[in-house]
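Enquirer: Would you be able to build a 3D model of this:
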Amino acid sequence: MLRPYLSHRLFTRSSTALLAAAIGAVACYPSTANAAGLLIADGGLGGRLEVLEHQATVTINNGVAVTEVEQVFLNTENRAVEALYVFPVPEGASVANFSMWIGGKEMVGEVVEKQRAREIYESYKATRTDPGLLEQKDYKTFEMRIFPIAAGAEQRVRISYYQELGFDADRATYTYPLSTQAQENGDSAAARLGLTVRVLSETPIVALDSPSHGDAFVVAQNSPHFYEASYETRDGDLSRDFVLSYQVNKAQTGVDLITSKPQGEDGYFMLTVTAGDELSEVNEPADYVFVLDVSGSMGFGRKLGVSRESIAAFVETLSPQDRVEVMTFNVRPTTLFGELTPASEATLSRAREFLQSQQAVGGTVLRHAMQTAYKYGEPDRQLNVVVLSDGMTEQGERSELLQLIGQRPANATVFTVGVGNEVDRPLLRQLAEDAGGIAAFLSEGDDAQRQALAFRRKLTHPAATDVRLTIDGPKVYDVTPKLLPSLYHGAPIRVYGRYRGDGPFGVRVDAEARGKPLALTATKDRGDGKNPEIERMWAQQTIAALLKDADRNDERDAVIDRIVDLAEAYSIVTEYTSFIVLENDAEYQRWKIDRRNAQRLERDRQGRDALEARLERLREESLANLGPLPTAKKPAAKKFSTSFAPAEDGANTPEPSSVLLLLLGAGPLLLGRRRRVA
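Expert: Alright, predicted model coming up:
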């Protein structure tokens with residue numbers, strides 16, 4: 001994830017215009033990108049960094065992943081320099097910490113308003129002391145700056161982020177993104193590259209594998225509920241995503257709850273509603289229009305190739321009663337058939353030939369393609385418009401696209417698939433949300449056919465619509481989302497909120513399934529409330545909801561203050577806030593920056609230490625079954641006796657572990673027809 005690359009672009013010590021905001025602007029840099037990283041020397045000269053170590057530790061607890069990345073790099077120059085790293089984060093991830101080592105001690109960063117953080121950073125550069133800055137540059141990339149790095153010196157940094165994993169039915173996928181367009185012109189390697197993944201699941205795990213790296217991962221099963229995977233190499237490739245996937249036994253339709261209750265404060269909760277097999281339904285024939293982006297931005301890496309494979313795999317799953325059209329677009333759309341055609345072998349063959357002939361060139365105008373796709377709607381058939389794109393359309397087109405969604409035919413649903421790490425996820429997600437569909441995001445290192453089939457199952461299996469949620473017991477407030485999506489198979493609904501009061505949660509879910517009313521009730525205990533990750537995730541989802549509503553109405557100014565307040569309180573990097581690392585606690589006091597993240601991080605780490613101790617117990621229990629079983633000590637033989645008393649079997653059956661597992665079904669928040677929370 002820390003994605004370094006080299007630039008010879010000139011910068012001065014007092015410069016504040018350090019880099020263009022978007023990854024797309026990287027094309028403006030010279031093509032001498034190097035694996036070591038982007039190094040900006042304060043004297044205006046280029047330079048070189050070497051990545052000595054790149055280590056990531058991932059803990060996935062019932063679909064919630066906490067990723068901690070630690071990297072050590074070396075300044076090979078004979079002068080002090082400023083380093084700039086650009087790195088992507090996965091779908092739905094929230095950067096939750098930025099630390100750097102100063103004088104041998106880890107200094108934890110704090111989140112402040114973005115412009116103020118930049119001004120503080122620039123003021124320290126003038127005195128050549130040790131600040132660090134981490135900013136969100138746009139919807140798809142973050143930047144980390146460190147100054148100064150002394151001649152020949154090493155620098156250690158640590159970044160962590162939280163995310164919900166995407167699930168399809170019984171399989172979850174975790175992506176550790178490394179590939180970026182900034183690396184396209186240079187090799188990329190770390191002297192030592194390692195990734196450790198621990199997976200815990202309340203539902204037993206069936207399998208764990210890596211579509212991207214295969215047998216290069218060592219997988220260990222410690223129990224049916226706890227798996228580990230490990231990868232380590234020298235001169236590791238930093239231009240290739242890591243993708244891991246694990247499968248669990250299918251859950252029945254139900255509701256799960258986890259909470260966090262800080263001492264002396266109101267609590268936080270997360271509810272997960274999951275559809276089981278009993279809600280499966282026979283699919284009605286439908287029409288599909290596949291809209292493939294072939295603009296120039298799709299030419300990086302395997303974006304276009306993965307998209308072609310995904311469409312072909314999807315069409316293969318259709319029945320002869322389904323009808324299909326394939327369309328490509330850049331500045332204007334191009335159709336294959338000009339009409340809806342039955343999904344036969346001949347149709348698939350022509351679609352493959354058409355897709356293979358396409359090249360990634362030109363700009364991106366999605367609006368015309370959507371208008372053309374809507375023309376295929378018929379009153380008596382369901383129309384599914386499936387858009388495969390990186391979403392990098394013209395900025396001025398965003399509001400027009402959102403308005404266009406409201407003009408779709410009454411029986412049309414829009415689904416979006418984003419490919420690669422440089423994807424406008426907020427736009428693609430909102431396009432699907434406003435059109436009653438769902439969004440999916442694919443890594444170039446993933447199994448395209450498997451993901452296409454997974455998305456197909458979700459698309460054709462809306463288990464329940466008109467979903468409504470009522471919560472009795474504690475007083476709940478600040479619930480997000482306020483409008484609930486449809487419930488799809490393999491795509492649970494997640495609801496976050498705050499609560500005050502004691503007692504269990506009484507939960508009722510009302511919906512419509514197969515044309516009939518569905519009612520589901522459950523009483524859930526709040527547990528021990530020791531899940532602090534939920535607090536940041538609630539704030540992150542609240543911020544995302546504020547931005548969606550603002551973008552829909554083109555009125556962001558009205559929500560910026562609220563976003564900054566939440567981000568500073570819960571230590572979240574956004575478009576309007578940044579992490580700043582200062583040399584010591586006295587410097588934070590001088591700038592009147594509260595050490596809220598340092599306190600929150602300490603509590604998080606205490607919780608993780610306790611969890612690690614429990615995981616170690618699971619490992620020991622697993623290892624206890626290897627080798628000869630222990631036996632009781634044999635009694636001493638009697639003198640001159642030729643027989644011995646038989647030893648009794650003293651082996652004990654290990655007690656089950658009491659590891660606290662988050663009771664999540666998992667899956668991204670998928671959006672469809674919505675109802676308010678009661």
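Enquirer: for the lengthiest helix in the chain, which positions count as buried?
Expert: Of all segments of type helix in the chain, defined using DSSP state H, the longest is helix 596-623. Within helix 596-623, the residues scored as buried using 16 or more other C-beta atoms under 10 Å are 597-598, 600-601, 604, 607-608, 611, 615, 617-618, 621-622. Glycine gets a C-beta too; all of them are placed from N, C-alpha and C.
Enquirer: Stretch 537-553 now?
Expert: Here stretch 537-553 shows 537-548, 550-552 as buried, counting by 16+ other C-beta under 10 Å.
Enquirer: same question, stretch 219-238
Expert: 219, 222-223, 225-229, 231, 236, 238.
Enquirer: lowest confidence element among the helices and strands of the chain?
Expert: When each helix and strand of the chain is scored by mean pLDDT, DSSP states H and E, strand 38-40 comes last, with a mean of 44.
Enquirer: relative to helix 596-623, how tilted is the following helix or strand past it?
Expert: For strand 38-40, the following helix or strand on the C-terminal side (DSSP states H and E) is strand 49-61. Here strand 49-61 points in a direction 70 degrees away from that of helix 596-623 (axes from the mean of the first three to the mean of the last three C-alpha atoms, to 10 degrees).
Enquirer: Kindly export the very next helix or strand once past strand 49-61 (C-alpha atoms) in PDB.
Expert: Following strand 49-61 in sequence order, the next helix or strand is strand 64-75 (DSSP H and E). The C-alpha coordinates for strand 64-75 follow below in PDB (Å, rounded to 0.1, in the frame of the first residue of the first chain):
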ATOM      1  CA  VAL A  64     -14.500  -6.600   9.400                       C
ATOM      2  CA  ALA A  65     -10.900  -6.200   8.400                       C
ATOM      3  CA  VAL A  66      -8.300  -4.200  10.200                       C
ATOM      4  CA  THR A  67      -5.100  -3.700   8.100                       C
ATOM      5  CA  GLU A  68      -1.900  -2.400   9.600                       C
ATOM      6  CA  VAL A  69       1.000  -1.600   7.200                       C
ATOM      7  CA  GLU A  70       4.500  -0.900   8.400                       C
ATOM      8  CA  GLN A  71       7.200   0.200   6.000                       C
ATOM      9  CA  VAL A  72      10.900   1.100   6.300                       C
ATOM     10  CA  PHE A  73      12.600   3.000   3.600                       C
ATOM     11  CA  LEU A  74      16.200   4.300   3.100                       C
ATOM     12  CA  ASN A  75      17.300   7.700   1.800                       C
END
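Enquirer: in strand 64-75, what counts as buried?
Expert: Result for strand 64-75 [16+ other C-beta under 10 Å]: buried residues 64-75.
Enquirer: what's the distance between residue 214 and residue 488?
Expert: Computed as C-beta to C-beta, to the nearest Å, the residue 214 to residue 488 distance reads 30 Å.
Enquirer: where does the stretch 151-300 of the chain dip in pLDDT?
Expert: For the stretch 151-300 of the chain, the stretches flagged by pLDDT under 70 are 166, 168-169, 179-190, 250-252, 277-283.
Enquirer: no no, the stretch 501-650 of the chain
Expert: 629-650.
Enquirer: elements contacting the strand or helix carrying residue 334?
Expert: Counting by DSSP H and E, the element that carries residue 334 is strand 333-335. Where contact means 3 or more C-beta pairs under 8 Å, 6 or more residues apart in numbering; DSSP states H and E, strand 333-335 is packed against strand 323-329, helix 366-374.
Enquirer: If we use 10 Å, what do you get?
Expert: strand 286-293, strand 323-329, helix 366-374 (3 or more C-beta pairs under 10 Å, 6 or more residues apart in numbering; DSSP states H and E).
Enquirer: could you pull out the helices for this protein?
Expert: Using DSSP H, helices in the chain cover 114-127, 303-316, 345-356, 366-374, 398-405, 425-434, 448-460, 533-553, 560-570, 585-590, 596-623.
Enquirer: JSON lines for those helices, including distance to residue 106?
Expert: Listed next are the helices of the chain as JSON lines, based on distance: least, C-beta to C-beta, whole Å:
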{"stretch": "helix 114-127", "distance to residue 106": "18"}
{"stretch": "helix 303-316", "distance to residue 106": "38"}
{"stretch": "helix 345-356", "distance to residue 106": "50"}
{"stretch": "helix 366-374", "distance to residue 106": "45"}
{"stretch": "helix 398-405", "distance to residue 106": "40"}
{"stretch": "helix 425-434", "distance to residue 106": "31"}
{"stretch": "helix 448-460", "distance to residue 106": "38"}
{"stretch": "helix 533-553", "distance to residue 106": "20"}
{"stretch": "helix 560-570", "distance to residue 106": "21"}
{"stretch": "helix 585-590", "distance to residue 106": "12"}
{"stretch": "helix 596-623", "distance to residue 106": "10"}
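Enquirer: Quick one: closest of those to residue 331.
Expert: Closest approach to residue 331 among the helices of the chain (C-beta to C-beta): helix 366-374, 8.1 Å.
Enquirer: What number of residues are in the vicinity of residue 503?
Expert: 11 (other C-beta atoms under 10 Å).
Enquirer: typo on my end, it should be residue 470
Expert: For residue 470, using other C-beta under 10 Å, the count is 13.
Enquirer: any idea how far residue 509 is from it?
Expert: From residue 470 to residue 509 the distance is 8 Å (C-beta to C-beta).
Enquirer: between the two, what contacts are shared?
Expert: The contact sets of residue 470 and residue 509 overlap at residue 521 (C-beta atoms under 10 Å, 6 or more residues apart in numbering).
Enquirer: Tell me if I'm right that residue 477 and residue 542 touch.
Expert: No: with contact defined as C-beta atoms under 10 Å, residue 477 does not reach residue 542; the gap is 11.6 Å.
Enquirer: shared neighbours, those two?
Expert: By C-beta under 10 Å, 6+ apart, the residues touching both residue 477 and residue 542 are 497-498.
Enquirer: Pull the number of nearby residues for residue 466.
Expert: 17.
Enquirer: How about it: what's its closest non-neighbour residue?
Expert: residue 512 (4.7 Å; C-beta to C-beta, 6 or more residues apart in numbering).
Enquirer: residue contacts, the one you found?
Expert: Residue 512 touches 464-468, 486, 518, 673, counting by C-beta under 10 Å, 6+ apart.
Enquirer: Look up the residues forming beta bridges with it.
Expert: residue 465, residue 517 (DSSP bridges).
Enquirer: Look up how far residue 365 lies from it.
Expert: Residue 512 is 38 Å from residue 365, where distance means C-beta to C-beta.
Enquirer: can you check residue 303 too?
Expert: 18 Å.
Enquirer: The longest helix of the chain vs helix 560-570, what angle?
Expert: 50 degrees.
Enquirer: The buried residues of stretch 537-553: which two are farthest apart?
Expert: Greatest spatial distance among the buried residues of stretch 537-553 (C-beta to C-beta): 537 and 552, at 22.6 Å.
Enquirer: where's residue 173 relative to residue 238, distance?
Expert: Counting by C-beta to C-beta, the gap from residue 173 to residue 238 is 21 Å.
Enquirer: go on, residue 391?
Expert: 25 Å.
Enquirer: cool, and residue 606?
Expert: 32 Å.
Enquirer: okay, now the domains of this protein?
Expert: 254-279+463-531, 286-456 (automatic domain parsing).
Enquirer: Can you say which of those domains is nearest to residue 112?
Expert: domain 254-279+463-531 (21.9 Å).
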